[in-house]
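**Q** what would the 3D arrangement of this be:
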Amino acid sequence: MKSKTIYLLIICASFMVTTIESTMCSNNPIVYKNLKVPSTIDLVKVGFGRGFLPDKYIEINGVVLERTIKFDVFLMGDGEVFNTANIPFAFSSYHYTAPPGPRIELNNMTKLNDITNLRQWGRAERYRLPFKEGQPFILELVAAPHNTIIIYANDRRFATFSREDLSNISQLYIRGLHTIKINSLILCTKILPTTTPAKPPFLCPEPIGLYNLEIPSIINLVDQGLGIGFTKYKFIVIHGTLVAPTRFDISLAEDGVPEETADIPFHFSADFTKNEVICDTWKRGEGWTRKETLGGFPFTVGQSFELEFRAMEYLNIPMRYISNGIHIYVNKQPKLIVSFNRYDLSNITQLEIKGAIEVSYVTLCP
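**A** From the prediction side, this is the model:
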């Protein structure tokens, strides 16, 4: 995507207009320079409109100060923060190491969360810190379909969050007194259309291609060169076509016979009869456990698709170790996403594909 110079409305003490470079916005974005922190911005009043809907974009460009403790970025509905306003999206960056105790889970991590109508925090998703003290940072939020937010940190795709309805977002709240300095805040209501990803895609230096697979199929990932375990930086992309309105299943299993002698730490199933996609786990002696239903059903019979499973790292409560999880993407769009990190994925050796699906090829990236 080529950069072009456009006139931007700069909102600051003097409300002056200036010109800066933008590679994302196709209209005149709203820009704050040297924004004071903490700050609450009425997005409707300044012209950004209600709702964080597809093609809207927010960029925060600043510096993490030395001895930072924590800073937050919230997207909220109407009302007062922590009182009457719902917070469908909360980004919190923790930059300290606490002594052992009940709050050790907040050590040096980034947390994504939401506050529901019951004024209670939802299930936290925890990641390694993308920002460092004393260094500049760029935090970007891109609105995608299905109430999804794609998060970029320092020009790298960081995470995807999809949980609550984003159509009533009306406020942006940033806090972190003496912790961050915000050089600029950009609010864009329409990002530039492009036939290529807005950000560089994840690259695989040595992809392994498997073609014209017979279904059902069990692939030995070790023999194919992916190695043991589905751990950070590894990903699997399945290119296929649905052939009947029934179901298909994809499993990452350990050694043995799946559902008999081999545990299945991760199982993905698309069921047309129920119009739902689920993720769960199978363990010997326990059977299928802890099913999670994912939002949306992006598959259509007779249409090809690209289904990607990407290994990610998560910080586990009580933050005494790092575990691996899986992010799921369909057709290069984050229509489905799950923080699936309940079991150890370091012993994965097999990929099983079965059901009403034709697979043209599978790409393995070690």
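**Q** isn't Ile357 right next to Arg247, touching?
**A** No: with contact defined as CB atoms under 8 Å, Ile357 does not count as touching Arg247 (9.2 Å). No exception for glycine: its C-beta is placed from N, CA and C like everyone else's.
**Q** and these two? Which one has more around it.
**A** Of the pair Ile357 and Arg247, Ile357 is the one with more neighbours under other CB atoms under 10 Å, namely 24 against 18.
**Q** ok, the more buried one to Gly302 distance?
**A** Ile357 sits 12 Å away from Gly302, going by CB to CB, to the nearest Å.
**Q** so what sits against both of the two?
**A** In terms of CB atoms under 8 Å, 6 or more residues apart in numbering, Ile357 and Gly302 are both contacted by the residues 241-243.
**Q** where is the longest strand in the chain?
**A** If you go by DSSP state E, the chain has its longest strand at strand 304-315.
**Q** which elements pack onto it?
**A** In terms of contacts (3 or more CB pairs under 8 Å, 6 or more residues apart in numbering; DSSP states H and E), strand 304-315 is packed against strand 125-127, strand 235-242, strand 247-253, strand 322-330.
**Q** swap in 6 Å and give it another go.
**A** Applying 3 or more CB pairs under 6 Å, 6 or more residues apart in numbering; DSSP states H and E, one finds that strand 304-315 contacts strand 235-242, strand 322-330.
**Q** can you list contacts of that strand?
**A** Applying CB atoms under 6 Å, 6 or more residues apart in numbering, the set of residues contacting strand 304-315 from outside is 109, 126, 230-232, 234-239, 241, 322-327, 329-331, 341.
**Q** if we use 7 Å, what do you get?
**A** 109, 126-128, 230-241, 299, 322-332, 339, 341 (CB atoms under 7 Å, 6 or more residues apart in numbering).
**Q** what about that strand, average pLDDT?
**A** Across strand 304-315, the average pLDDT comes to 79.
**Q** please pull out the lowest mean pLDDT helix or strand from the chain.
**A** strand 17-22 (a mean of 31; mean pLDDT, DSSP states H and E).
**Q** for Tyr57, see how far away the nearest residue to Pro29 once chain neighbours are set aside is.
**A** Closest residue to Pro29 apart from its sequence neighbours, by CB to CB, 6 or more residues apart in numbering: Cys188 at 4.2 Å. Distance from Cys188 to Tyr57, counting by CB to CB: 4 Å.
**Q** for Ser269, same thing?
**A** For Ser269, the distance to Tyr57 - CB to CB - is 34 Å.
**Q** which one's more surrounded, the two?
**A** More crowded of Ser269 and Tyr57, by other CB under 10 Å: Tyr57, with 23 against 18.
**Q** just the buried residues of stretch 166-179, please?
**A** 166, 169-176, 179 (16 or more other CB atoms under 10 Å).
**Q** what does stretch 281-295 give?
**A** Buried, per 16+ other CB under 10 Å, within stretch 281-295: 281-282, 294.
**Q** in strands only, show me those.
**A** Those of the buried residues of stretch 281-295 lying in strands (DSSP E): 281-282, 294.
**Q** give me the low-pLDDT residue ranges for the stretch 201-350 of the chain?
**A** Scanning the stretch 201-350 of the chain for pLDDT under 70 picks out the ranges 201-205, 295, 313-324, 333-343.
**Q** just the strands in the stretch 151-300 of the chain please.
**A** In the stretch 151-300 of the chain, the segments counted as strands under DSSP state E, counting those that start in this stretch are 156-162, 171-175, 180-188, 208-213, 217-220, 235-242, 247-253, 264-271, 276-283, 287-294.
**Q** is Asn220 in a bridge, and if so with what?
**A** Gln350 (DSSP bridges).
**Q** pretty sure it is in contact with Gln350, am I right?
**A** Yes: contact status for Asn220 versus Gln350: in contact at 6.2 Å, counting by CB atoms under 7 Å.
**Q** ok, the two, which is more surrounded?
**A** The residue with more neighbours, out of Asn220 and Gln350, is Gln350; 20 against 11, by other CB under 10 Å.
**Q** so what's the nearest residue in space to Leu213 that is not next to it in sequence up against?
**A** Nearest residue to Leu213, sequence neighbours excluded (CB to CB, 6+ apart): Val359, at 4.5 Å. Val359 is in contact with 213, 215, 238-240, 353, counting by CB under 7 Å, 6+ apart.
**Q** how about Ser167?
**A** Neighbouring residues of Ser167 by CB under 7 Å, 6+ apart: 51, 53.
**Q** and it, what pLDDT?
**A** 94.
**Q** picking that back up, out of the helices and strands packed on strand 304-315, nearest to Pro145?
**A** Evaluated over the helices and strands packed on strand 304-315, closeness to Pro145 peaks at strand 322-330, with 10.8 Å, by CB to CB.
**Q** quick revisit: quick one: closest of the strands of the stretch 151-300 of the chain to Asn83.
**A** Smallest distance to Asn83 across the strands of the stretch 151-300 of the chain (CB to CB): 12.0 Å, for strand 171-175.
**Q** for the closest one, packing partners?
**A** The contact analysis (3 or more CB pairs under 7 Å, 6 or more residues apart in numbering; DSSP states H and E) places strand 171-175 against strand 39-42, strand 70-76.
**Q** winner for burial among the ones you listed?
**A** strand 70-76 (a mean of 22; mean count of other CB atoms under 10 Å).
**Q** next, the angle strand 304-315 makes with whichever helix or strand comes after that one.
**A** Note on strand 70-76: by DSSP states H and E, the next helix or strand toward the C-terminus is strand 87-94. Angular relation of strand 87-94 and strand 304-315 on a 0 to 180 degree scale: 50 degrees, by axes from the mean of the first three to the mean of the last three CA atoms, to 10 degrees.
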